[in-house]
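Chemist: just to be clear, the model below is a prediction. Sequence and coordinates:
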Amino acid sequence: MNIVVLVKQVPDTWSERKLTDADHTLDRESADAVLDEINERAVEEALQLQEAHGGEVTVIAMGPDRATDAIRKALSMGADKAIHVSDEALHGSDVLATAKVLAKAIGTVENVDLVIAGNEATDGRAGAVPAILAELLGLPQVTQLRKVTVEGTTIKGERETDEGVAFLEASLPAVVSVTEKINEPRYPSFKGIMAAKKKPVSTITVADLGIDASEVGLSGAYTQVLEAAPKPPRSAGQRVEDSGDGGAKIAEFLVGQKLI
């Protein structure tokens, strides 16, 4: 199987995250950057399928120069090669432009059988790119999966919902997205880390993909953030002294908050 995995470098969730004053986009320089955890699980699933069925795993990332760190981690886990779409014109791209760029990048890989993505990134949390990507590529989508299996030319998956578990299947090639329940990603070994330094990483621009710069970035986005403000600090809670009427006081507080 020839598998493409979409990965993204995001601000560490333990770091302080904020928007820039200039254009209200995410300030990626102000926080530590890591490979998104859900993407580690996507890479792990691709590697497990490769171990079972053979083939090659290609990682594709869209982001600034520093995103190569996230790419190298995916390669150190065991992926074979990578494509890095890096272009200043991409700054501020919305999910539609992102999916369009990724679709073009996937088109540079020959004979793709499966595209694997995380269900949503921890920075934007849009959760829409896999579905849009499937539409652009003209491929079936099997999303939000907690389990993936491949049988011949059919991919099967389990999607957990509040109502139960849905069992889905589609013909390959296809696009799938996975949730945090899909697996536990492996830790890169020292051998894998060293080998990753020699694995091929192709860096391309939007022009290389035949996309005009006006179609991406802030200028090509369908939405625009006009104003942003930091979340106000949490106020001190209300303390209830129980002098035999503590229950009544709590109930009164909850009524005031319109919770009961």
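Modeler: Arrived safely. Residues are numbered from 1 along each chain as shown.
Chemist: now the residue lying closest to L75 once chain neighbours are set aside: how far from D113?
Modeler: Taking C-beta to C-beta, 6 or more residues apart in numbering, and ignoring the residues beside it in sequence, L75 has A196 as its nearest neighbour in space, at 3.8 Å. From N, CA and C alone the C-beta is placed, and that goes for glycine too. From A196 across to D113, the span is 23 Å (C-beta to C-beta, to the nearest Å).
Chemist: mind listing what's buried along stretch 217-233?
Modeler: By neighbour count on 16 or more other C-beta atoms under 10 Å, the buried set for stretch 217-233 is 217-218, 220-221.
Chemist: a markdown table for those, including pLDDT, distance to R72 and secondary structure?
Modeler: Output for the buried residues of stretch 217-233, formatted as a markdown table (pLDDT from 0 to 100; distance: C-beta to C-beta, whole Å; DSSP: H, G, I helix; E, B strand; the rest coil):
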| residue | pLDDT | distance to R72 | secondary structure |
| --- | --- | --- | --- |
| G217 | 92 | 26 | helix |
| L218 | 90 | 28 | helix |
| G220 | 89 | 29 | helix |
| A221 | 90 | 29 | coil |
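Chemist: how about those in a markdown table, adding distance to T149?
Modeler: Converted to a markdown table, those look like this (distance: C-beta to C-beta, whole Å):
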| residue | distance to T149 |
| --- | --- |
| G217 | 39 |
| L218 | 41 |
| G220 | 38 |
| A221 | 38 |
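Chemist: out of the residues you listed, who's nearest V85?
Modeler: G217 (12.6 Å; C-beta to C-beta).
Chemist: so what's the residue count around V34?
Modeler: Residues lying near V34 (other C-beta atoms under 10 Å) number 19.
Chemist: how close does the residue nearest to it when sequence neighbours are not counted get to R66?
Modeler: By the measure of C-beta to C-beta, 6+ apart, the closest residue to V34 outside its immediate chain neighbours is D12, 4.9 Å from it. D12 sits 13 Å away from R66, going by C-beta to C-beta.
Chemist: what touches both of these two?
Modeler: A33 (C-beta atoms under 8 Å, 6 or more residues apart in numbering).
Chemist: quick check: pLDDT value at E252.
Modeler: With respect to pLDDT, E252 scores 87.
Chemist: so what's the residue count around it?
Modeler: Based on other C-beta under 10 Å, the number of other residues close to E252 is 13.
Chemist: hang on, R66 in a helix?
Modeler: Yes. Per DSSP: H, G, I helix; E, B strand; the rest coil, R66 lies within a helix segment.
Chemist: ok so, going back, ok, now which ones touch the residue nearest to V34?
Modeler: Contacts of D12 (C-beta under 8 Å, 6+ apart): 31-34.
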